[in-house]
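In: Provide a 3D model corresponding to the input given below.
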Amino acid sequence: MCLSLIFTTLEYIGLPYGLLTKMLLVINLILSFIYSYKNAINSSLNGYKSGFRSGVKLWLFLLLINLITFNTFKFKTLIYYFIIMTISITGGIYGKNKQKNYSSSNLE
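Out: As a prediction, the model looks like this:
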């Protein structure tokens, strides 16, 4: 809700639509990284598996929103989903590396 208010205010100020969409992309990527990072810290899976699981959850959520709003799929949308999946996997790997009591003997 807070992000909606901020972006609405920025749009009324007169920022170009292209700049707002790029800002939203960066914010979504940061949030997907943080989400995967936090999930990997609390997970018993490997980092890439935990990140992949988080990425799939985000991907399905975005797909559901895309279907509900009747948006059409474009090549740019698929690239966007792929980037989110990659960032989520990276966040999962970093989260697992920062996990307490994690050693290489715990790998599956």
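In: got the contact list for residue 75?
Out: Contact partners of residue 75, counting by C-beta atoms under 8 Å, 6 or more residues apart in numbering, are absent. Using the backbone N, CA and C atoms, a C-beta is placed for each residue, glycine as well.
In: sec struct for the residue positioned nearest the centre of the chain, please.
Out: Note on the chain: the residue nearest the mean C-alpha position is residue 32, at 2.2 Å, using C-alpha atoms, centre = their mean. Per DSSP: H, G, I helix; E, B strand; the rest coil, the secondary structure class of residue 32 is helix.
In: and what of residue 72?
Out: coil.
In: so what pLDDT did it get?
Out: Here, the pLDDT recorded for residue 72 equals 72.
In: now swap in residue 31 and tell me
Out: For residue 31, the predicted pLDDT is 87.
In: Distance check, it against residue 25.
Out: According to C-beta to C-beta, to the nearest Å, residue 31 stands 11 Å off from residue 25.
In: hang on, the residue nearest to the centre of the chain packs against residue 86?
Out: No. Residue 32 is beyond contact range of residue 86, at 9.6 Å (criterion: C-beta atoms under 8 Å).
In: and for the two, which residues touch both?
Out: residue 55.
In: Give me the distance between the helix or strand containing residue 36 and the centre of its chain.
Out: Assessed by DSSP states H and E, residue 36 sits inside helix 17-41. A distance of 5 Å separates the centroid of the chain from that of helix 17-41, by C-alpha atoms, centre = their mean, to the nearest Å.
In: Would you indicate which residues of the one helix or strand residue 64 maps to are buried?
Out: Here residue 64 sits within helix 47-68, counting by DSSP H and E. Within helix 47-68, the residues that count as buried by 16 or more other C-beta atoms under 10 Å are 47-55, 58-59, 62.
In: what's stretch 20-33 in contact with?
Out: By C-beta under 8 Å, 6+ apart, the residues outside stretch 20-33 that reach it are 3, 7, 10-11, 54-55, 58, 80, 83-84, 87-88, 90-91.
In: Now with 6 Å, please.
Out: 58, 84, 87-88, 91 (C-beta atoms under 6 Å, 6 or more residues apart in numbering).
In: In helices only, show me the residues you listed.
Out: Among the contacts of stretch 20-33, DSSP state H puts 58, 84, 87-88, 91 in helices.
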